[in-house]
Each structure stands twice: as C-alpha cells, then as structure tokens.
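*Asks:* coordinates only, sequence not included:
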C-alpha cells in the first residue's frame, strides 16, 4: 500500500529519524488510505520523548497542546500535524481519560491501546504497512472490530460506544458481534461522559454519509445517548419514516436533528400554529419541545438548538406561493430554505408525492428568486414609514405599529404593491375605517 503524503509530513518523519528516532504515520489517515478516501488529519507516532520532539522541531512552529500525554502539535509551512510519543495508558478511573500514561519505545505497544483495528495501523514510506490486528482486512470487509479485549476497550473509555456508532455512520461499517455485545454491556458508562463530548460524536454521526443505514441497524446504540427517542424507535412505522427522512435530507446539522425528532410523540401530521409577526410566541408542539429538552441536556450551541427546534416546530406546516413571503418575513431565507428541504426529505412515495415534490421544489426556486430580487420583507423595507403615517393623522404608539404591520402584510401577500402612493392611500382608508 502506498500513501501520498504531503512533503511537510515526509519532512517531519525524516527529521525525527535523522535525529535517531523511529516514526510512523498512524490513525485515521492510514485507515482512510486503506479505504481509498481522502486523507484526514495527519498524526505521527514516534519513539522520541516529548523533550526530544521539541528539539527535533525547534526550527518550526510548535504548540505544546498535549505535551503531558506526549502530543506536540507541529506546523511545517501550511501543514499542521500531531506528533505523539509511543505510549501505553494507565487506569481509566473516570471512564474517559487515562490517569497517567507511560512512554514506550515500541510502536506495537502503542497500537495495542487504540480503540478499533481500523485505527490501529501504522505506515512508513520505506517500511510500508504495520498491521498487527488485521485492520486492513477489516477495512476491506467494512467491519468495525475492537482491538484486543472488546469489553476492556469500552470499560476504559465509554465514549468509544458512540465513536463506534459514528464510524458506522461515516464509513458504512458493520460492527463485529463481540464488539457490539461489549458496547451494549458497557454502554451505561456513557452517563459519566460529559454532555459536550457526547454531543460532538452525535453531531458528527448525524451529518455522515451512512447515517440512516447505521441508525437503522444499531438504534440501541443511539438510544444510549438519546433516550428521548425511545418512543419513536419503538414504533416501526414512525422509525422507518424517520430513517427515510434522514436518508433523503441534506447533510445539514439543524435539518438532521429536526428529522430525527420530527415524528416523535405520534404527531405525523399535526401543524403548529403560525403567526408571521411573532412565530416564536406559540407553545412548542411536543416533538419540538422534546428536541429542545434534548439539545439543552447535551449543552448544544444556542444557534443550533434554535434552528433545529424551529424546523421541528413547523415541519408539518403548509407553505405555499400565497404565504411564502409571510414565512420569509417571519423566519428568514435560510430557515425557510431548510424547512422546505426538510419537507422534501420527508415525503413518502406513492399518491401525489410527485406533485408535492414539484410544488416544494417550486417554492425553493421562488425563495431563491425573491432573495435575488431583495424583495421587501420587513417594515423597514416599506416605501413608507412611521413619520409618513403620523402625517396622515396616526397617533404615535400601538396604533401606528399595527398599521405598519397591516401594510406589510398587504405587501407580503401581494394585495398591494410596495409603492408610496398606494401605501399612503391604503393607510388613509385604514385610518378612516378605525374612526
């Protein structure tokens, strides 16, 4: 097997070996090469101790980000890589991190501590592939297998349960039987892992190429991290529809989260109330509320939570050419585009699916057209303002604000053009009608 490494990585290997140390390319890049995928992060492992590494790379920019555990981040020209001393891990009393590490001189001891065989390979441009655990064969078989004793791997670090699920989502790998049983046996240890680390693994899993397939095959692993989904997973019809939506949905994180929860609580077709003036004032429908609770528990960023919950709230609402500008005014172009794409992904086959697909695609095209035209969507975009209406006799305050909102609604629904004369005339009629 040959790996085309950037010249900067080759130089890093050469510098280490010129100083009398051994070094290999390890980790995900070797796995990716076996799979014919583009190389990911560049990780090197070396017999050099941390202080020796610092001397080797003294002529280049370095960052002592993980030097306690033997990792030095090295930047050569525009390429950044992590260089780590061969090590073996001590006890994992917190079920996540080793209490201490011991530096060693043998690459095989270092590979033995890794999680899965596909990640326990090393490669060198002259020595070729070092594969003591059959990682290359498992890559060819598309199989995820724990290194050594599976139970011990998950006992050491409970997050590896979700890492296994994430690799299944990313790579389309099946999980070897002993590895799967160990995951289920040790999965309760996830309760000791920080919410942020769990969220990171779930986020990466959800936007992967094989997400729907992997979650369909291994829902029990997902439920270890997301017990909120137990009800929908237990309903074969609802779960099948959820997986269908995930399969068709863009690899966009808010859309994928909303797709995962959109059919929970048995609400396949219930529409949420919508007020274009204030879309957030109505109570959340149960599915959106459940997603909100889940994302808060996982300490997800506020922007992601707001976007995903909004999608889950309105996924079953009807958007059409008559109300599209109202939705755009309320939610904005990005949110409406996501909502339409989520609705497209959720369409079932048969019936009028083709007609509904055409209708939703037409709304997406119209959204793009309106965005390009920069059409008026807010009160500030009207051809008149509050001063104009006060000149007609409107008092400052609530009545003035309601009048501007009514004028905007007339423009958004196409009943009135956004032209100064037409809006002033309409505002005058409205004022007379209120007296």
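*Replies:* Looks like it arrived, so ask away. Bear in mind that the values here come from a model prediction, so they are computed numbers and not experimental data.
*Asks:* Three-state assignment for residue 82, please.
*Replies:* Per DSSP: H, G, I helix; E, B strand; the rest coil, the secondary structure class of residue 82 is strand.
*Asks:* Report the beta-bridge partners for it.
*Replies:* residue 43, residue 73 (DSSP bridges).
*Asks:* ok, it - contacts?
*Replies:* 41-44, 66, 71-74 (C-beta atoms under 8 Å, 6 or more residues apart in numbering). Where C-beta positions appear, they are placed from N, C-alpha and C, glycine not excepted.
*Asks:* what about burial for these, which qualify?
*Replies:* The neighbour-count test (16 or more other C-beta atoms under 10 Å) marks 42-44, 71-74 as buried among those.
*Asks:* For the contacts of residue 82, could you give me JSON lines that also reports pLDDT?
*Replies:* Below are the contacts of residue 82 laid out as JSON lines (pLDDT from 0 to 100):
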{"residue": "41", "pLDDT": "91"}
{"residue": "42", "pLDDT": "96"}
{"residue": "43", "pLDDT": "96"}
{"residue": "44", "pLDDT": "98"}
{"residue": "66", "pLDDT": "86"}
{"residue": "71", "pLDDT": "94"}
{"residue": "72", "pLDDT": "96"}
{"residue": "73", "pLDDT": "97"}
{"residue": "74", "pLDDT": "97"}
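*Asks:* Turn those into CSV, columns for distance to residue 263.
*Replies:* Shown next, in CSV, are the contacts of residue 82 (distance: C-beta to C-beta, whole Å):
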residue, distance to residue 263
41, 36
42, 41
43, 40
44, 46
66, 42
71, 43
72, 48
73, 43
74, 48
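*Asks:* for the longest helix seen in the chain, which positions count as buried?
*Replies:* For the chain, the helix with the greatest residue count under DSSP state H is helix 353-373. The neighbour-count criterion (16+ other C-beta under 10 Å) identifies 359-360, 363, 366-367, 370-371 as the buried residues of helix 353-373.
*Asks:* For the stretch 301-435 of the chain, give me the ranges with low pLDDT.
*Replies:* Scanning the stretch 301-435 of the chain for pLDDT under 70 picks out the ranges 349-351, 435.
*Asks:* what packs against the longest helix of the chain?
*Replies:* Counting contacts by 3 or more C-beta pairs under 8 Å, 6 or more residues apart in numbering; DSSP states H and E, helix 353-373 packs against helix 324-331, helix 333-345.
*Asks:* circling back: closest to residue 141 out of the buried residues of helix 353-373?
*Replies:* Checking the buried residues of helix 353-373 against residue 141 by C-beta to C-beta gives residue 360 as the nearest, at 40.1 Å.
*Asks:* List the contacts of that closest one.
*Replies:* 340, 343-344, 347.
*Asks:* Tell me which helix or strand residue 200 sits in.
*Replies:* helix 195-206 (DSSP states H and E).
*Asks:* Mean neighbour count added to the helices and strands packed on helix 353-373, as JSON lines?
*Replies:* Converted to JSON lines, the helices and strands packed on helix 353-373 look like this (neighbours: other C-beta atoms under 10 Å):
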{"stretch": "helix 324-331", "mean neighbour count": "22"}
{"stretch": "helix 333-345", "mean neighbour count": "20"}
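*Asks:* To residue 179, which of those lies closest?
*Replies:* Once the helices and strands packed on helix 353-373 are compared by C-beta to C-beta, helix 333-345 is nearest, at 31.2 Å.
*Asks:* what helices or strands is that closest one leaning on?
*Replies:* So helix 333-345, by 3+ C-beta pairs under 8 Å, 6+ apart, packs with helix 236-248, helix 253-261, helix 302-314, helix 324-331, helix 353-373.
*Asks:* Looking at those helices, which is nearest to residue 7?
*Replies:* helix 253-261 (34.6 Å).
*Asks:* what's near enough to touch the residue lying closest to residue 203 once chain neighbours are set aside?
*Replies:* Leaving aside its chain neighbours, residue 203 sits nearest to residue 253 (5.9 Å; criterion: C-beta to C-beta, 6 or more residues apart in numbering). Shown in contact with residue 253 (C-beta under 8 Å, 6+ apart): 203, 206-207, 304, 308.
*Asks:* mind running it again at 10 Å?
*Replies:* Going by C-beta atoms under 10 Å, 6 or more residues apart in numbering, residue 253 touches 202-204, 206-207, 300-301, 304, 307-308.
*Asks:* Name the nearest residue to residue 35, ignoring sequence neighbours.
*Replies:* residue 139 (5.6 Å).
*Asks:* Kindly provide the distance from that neighbour to residue 260.
*Replies:* 28 Å (C-beta to C-beta, to the nearest Å).
*Asks:* swap in residue 359?
*Replies:* In terms of C-beta to C-beta, residue 359 sits 25 Å off from residue 260.
*Asks:* Could you do residue 17 as well?
*Replies:* With C-beta to C-beta as the criterion, residue 17 and residue 260 are 48 Å apart.
*Asks:* Kindly report the same for residue 238.
*Replies:* Distance from residue 238 to residue 260, by C-beta to C-beta: 11 Å.
*Asks:* which residues do those two both contact?
*Replies:* residue 232.
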